[in-house]
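> need a 3D model of the sequence below.
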Amino acid sequence: MEMKATKDVSLEMARVWGEAEYLPEGLILSNHYAGTPLPPSASRLNFILMSLCTRGEAHYTVDTRQQNIKPGDLLFVSENHIVDNYIESSDYASLCIMVSTTFYHDFVQNVKNVSSLLLFTTKNPVVSLLPAEVQTFSNYFQTIREKIARTGHPYRVDLVKALLLSMFYDMSGVIYRVEQKGQRLQSRADLFFSRFIQLLEQNFRKERRVSWYADQLHITPKYLSEIVRQVSLRTPTDWIDDYVVLEIRVMLKNSTKNIREITEELNFPNQSFFGKYFKDRVGMSPTEFRKSL
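Model prediction:
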């Protein structure tokens, strides 16, 4: 059997997916209707996608797992996951928010905001919203679209970031509601993954070794890597780096601490190592990043 090629889809390419309002800093809000051109083959998304179905139905796979979407369903797809086999009804319509990971990191306030969303969406790629939750999402969507369209506003980007952060906090009630149901039995892999994330949240400022986290869970590093890949399609190192880099970004952006103080607080051996670690993952030095804000 011939393997299907996977195409990387950037945020810029996704601008054609419906009637879009676009923020060059890394955000698209699109009214998607049936017939809107979508990639015909397997597509790896290089951004975070949230899509609320308002009419009709759609069927597709996310990382080979079948997803069926109906009105009131909210789809989450995190960066680097693969969407394929897309089929929609002739009356399909949805509200899509597509945001780059970099822009997402720019408006979140702390690491827990990121982890709660990523962990939740890994387990719940599709969530059925209550009528009030549908209205909340729709209201934010329309307001943010209107603000993006105000290109002459001097604080347009900051205003959009504030609204997005408010929306994430407001919609966090969905996460709480779904998790409180407790109807979904967790597999052994799910449990280990959840414990790994909990340990990571508590210890990433001091520990970046996969072996340390495996020891705390009383399993081997190899088994931890297999579990994390199975559940999230990412490695433990990917998760650790995401937590550490986001914390550095937040500290550089929202604190007056100098590079030496951040280096010490995050348990790096020296400033040189700290600077290389950050630059390798962000593309600029901590000092350059702070000056760019």
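
> OK, contacts around Asp73?
Asp73 makes contact with 52-53, 126-129, according to Cβ atoms under 8 Å, 6 or more residues apart in numbering. In short, each C-beta sits where N, CA and C put it, glycine included.

> for it, list each beta-bridge partner.
According to DSSP bridges, the partner residues bridging Asp73 are Ser128.

> state the pLDDT value of it.
Looking at Asp73, its pLDDT is 96.

> and for the one 5 residues further on?
In the predicted model, Ser78 carries a pLDDT score of 80.

> what's the local residue count around it?
When neighbours are counted by other Cβ atoms under 10 Å, Ser78 registers 19.

> touching, it and Thr122? I think so.
Yes: Ser78 is within contact range of Thr122, at 7.3 Å (criterion: Cβ atoms under 8 Å).

> need the three-state assignment for Gly35.
coil (DSSP: H, G, I helix; E, B strand; the rest coil).

> distance of it relative to Glu133?
Separation of Gly35 from Glu133 (Cβ to Cβ, to the nearest Å) stands at 28 Å.

> those two: which is more packed in?
Taking other Cβ under 10 Å, Gly35 and Glu133 do not tie; Glu133 has more neighbours (19 against 10).

> elements contacting the helix or strand encompassing that one?
For Glu133, the host element (DSSP states H and E) is helix 131-149. If you count contacts as 3 or more Cβ pairs under 8 Å, 6 or more residues apart in numbering; DSSP states H and E, helix 131-149 packs onto strand 19-23, strand 27-33, strand 48-55, strand 93-99, helix 156-181.

> one more pass at 6 Å, please.
Contacts defined by 3 or more Cβ pairs under 6 Å, 6 or more residues apart in numbering; DSSP states H and E place helix 131-149 against strand 19-23, helix 156-181.

> now the angle between helix 156-181 and that helix, please.
160 degrees (axes from the mean of the first three to the mean of the last three Cα atoms, to 10 degrees).

> who touches helix 131-149?
The contact list for helix 131-149, computed with Cβ atoms under 6 Å, 6 or more residues apart in numbering, reads 21, 23, 29, 52, 72, 95, 159-160, 163, 167, 170, 174.

> which is the succeeding secondary structure element to the helix or strand encompassing Arg249?
Assigned by DSSP H and E, Arg249 belongs to helix 236-254. Counting by DSSP H and E, the next helix or strand C-terminal to helix 236-254 is helix 259-265.

> can I get that following helix as CSV, trimmed to CA atoms?
Extracted in CSV, the C-alpha atoms of helix 259-265 (Å, rounded to 0.1, in the frame of the first residue of the first chain):
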residue,chain,number,x,y,z
ILE,A,259,19.4,37.3,33.2
ARG,A,260,21.6,36.1,36.0
GLU,A,261,18.6,36.0,38.4
ILE,A,262,16.5,34.0,35.9
THR,A,263,19.4,31.6,35.3
GLU,A,264,19.7,30.9,39.0
GLU,A,265,15.9,30.6,39.6
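
> which two from the contacts of helix 131-149 end up farthest apart in space?
Maximum pairwise distance among the contacts of helix 131-149 (Cβ to Cβ): 28.4 Å, between Gly72 and Leu159.

> and the helices and strands packed on helix 131-149 as TSV, adding distance to Asp215?
Below are the helices and strands packed on helix 131-149 laid out as TSV (distance: least, Cβ to Cβ, whole Å):
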stretch	distance to Asp215
strand 19-23	44
helix 156-181	28
